[in-house]
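Chemist: Would you be able to build a 3D model of this:
(4 chains)
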Protein chains: 2
Amino acid sequence: MKRKPSTEATAAWIRLMRVQSRVLDCVEQELKKAGFPPLAWYDALLELSRAPSGELRPVELERQMLIPQYSTSRLIDRLVDEGLVVRRECKMDKRGQFVEITEAGRELQKRMWSAYSAAIEKHVGSKLSDTDAAKLCMLLDRLGCSCGQAAPLAAGEGAAIR
Amino acid sequence: MKRKPSTEATAAWIRLMRVQSRVLDCVEQELKKAGFPPLAWYDALLELSRAPSGELRPVELERQMLIPQYSTSRLIDRLVDEGLVVRRECKMDKRGQFVEITEAGRELQKRMWSAYSAAIEKHVGSKLSDTDAAKLCMLLDRLGCSCGQAAPLAAGEGAAIR
DNA sequence: CGCCTTTACATGCAGATGCATGGAATAGTC
DNA sequence: GACTATTCCATGCATCTGCATGTAAAGGCG
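Modeler: Residues are numbered from 1 along each chain as shown, chains lettered A, B, ... in the order given. All right, here's what the predicted structure looks like:
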């Protein structure tokens, strides 16, 4: 065996994969059981609701959410179908567009947050003291910068997901 | 706002989701670029190669890997197609079967490990001291037991993934 | 033994995802 | 200003996933 990664590093890798998978599943299941759409919808709505005038370029959404371009495009399609956002043309750059959140979108985002926050509390908050949570953050942050940097998160209601 | 989860807990949740997503992507991409199949294949092959006589019931694989039943079933289909495992009938329980790893399967598992371990070292090991990696493990482990317990991992080559 | 429940695995179908590509507009270069 | 490269977004196609359901074999029970 190569023994390149220490057993500690390997163990950390395994935990990282398994624990997030389990915790994410739990949270997603609770949202779904409460009749809500997938978390990715929440993330998008949150980013939009935080934007200056409730609108963002798809490209920015893509960078915020760390998902591929085509995935963003189709996510927006679905949000439009549900009346949660609308596409607007972008006059300064005719090949682009703006995506603007609607009132229905803002409302859903808020309703989801109450279920979402409860799930976070149940599956994360209740298992870690605040100082341990902070330690966990710092350790995770060190793993953050290797293949393209992601945007830092503002405070408040938490976005997430791939 | 509800303020149920502390900001620390929420931040930890966000990091957990984002960091694992990024790190996993990086590792999967490296494996793919080296011409290897998805990590899930590795996990399955590893579990099988560790099993007493190189064979496992699909149900056990399912529990080890924390993936749904139908997913296991189809994963095995693909491994069979590639000649990495074979299905054997189970005489003691006629509705069941055994899945046995082939020589080609064992070989692929070993070849994958060298690329896989290098990727773990690059994206995890090199960014964390051993003691920090150990701390990270302990913190993550506390998040582990909420909706059905997973099997603990043996040492050695690391399995992972959803 | 009949009968019902549970366990093990497979699969049809709809929806989601990855990948490659396409089209349209802008930016950069000479 | 023509030409090429790049950016922004959409989409066809193959694959993968989730969900529900199906089939076959145990297991439990009177």
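Chemist: Off-centre distance for stretch A:94-112?
Modeler: A distance of 15 Å separates the centroid of the chain from that of stretch A:94-112, by Cα atoms, centre = their mean, to the nearest Å.
Chemist: scratch that, stretch A:28-39 is what I was asking about
Modeler: 14 Å.
Chemist: for chain A, what's the longest helix?
Modeler: Ranked by residue count under DSSP state H, the longest helix found in chain A is helix A:7-33.
Chemist: Let me know the angle separating it from helix B:7-33.
Modeler: Interaxial angle of helix A:7-33 relative to helix B:7-33 (axes from the mean of the first three to the mean of the last three Cα atoms, to 10 degrees): 110 degrees.
Chemist: quick one: is helix A:7-33 near DNA strand D?
Modeler: Yes - Helix A:7-33 is in contact with DNA strand D by Cβ under 7 Å from any atom of the strand, via residue A:32. Every residue, glycine included, has its C-beta placed from N, CA and C.
Chemist: does DNA strand C sit close to that helix?
Modeler: No - on the criterion Cβ under 7 Å from any atom of the strand, helix A:7-33 is out of touch with DNA strand C, staying 11.1 Å away.
Chemist: Give the buried residues for that helix.
Modeler: By 16 or more other Cβ atoms under 10 Å in any protein chain shown, the buried positions in helix A:7-33 come out as A:8-28, A:30-31.
Chemist: Quick one: classify the residue nearest to residue A:69 when sequence neighbours are not counted as helix, strand or coil.
Modeler: Spatially, and ignoring its direct neighbours in sequence, residue A:69 is nearest to residue A:62 (5.7 Å; Cβ to Cβ, 6 or more residues apart in numbering or on different chains). Under DSSP: H, G, I helix; E, B strand; the rest coil, residue A:62 falls in the helix class.
Chemist: ok, residue A:130 - contacts?
Modeler: The neighbourhood of residue A:130, defined by Cβ atoms under 8 Å, 6 or more residues apart in numbering or on different chains, consists of B:6, B:8-9.
Chemist: mind checking how far it is from residue B:79?
Modeler: Residue A:130 sits 45 Å away from residue B:79, taking Cβ to Cβ, to the nearest Å as the criterion.
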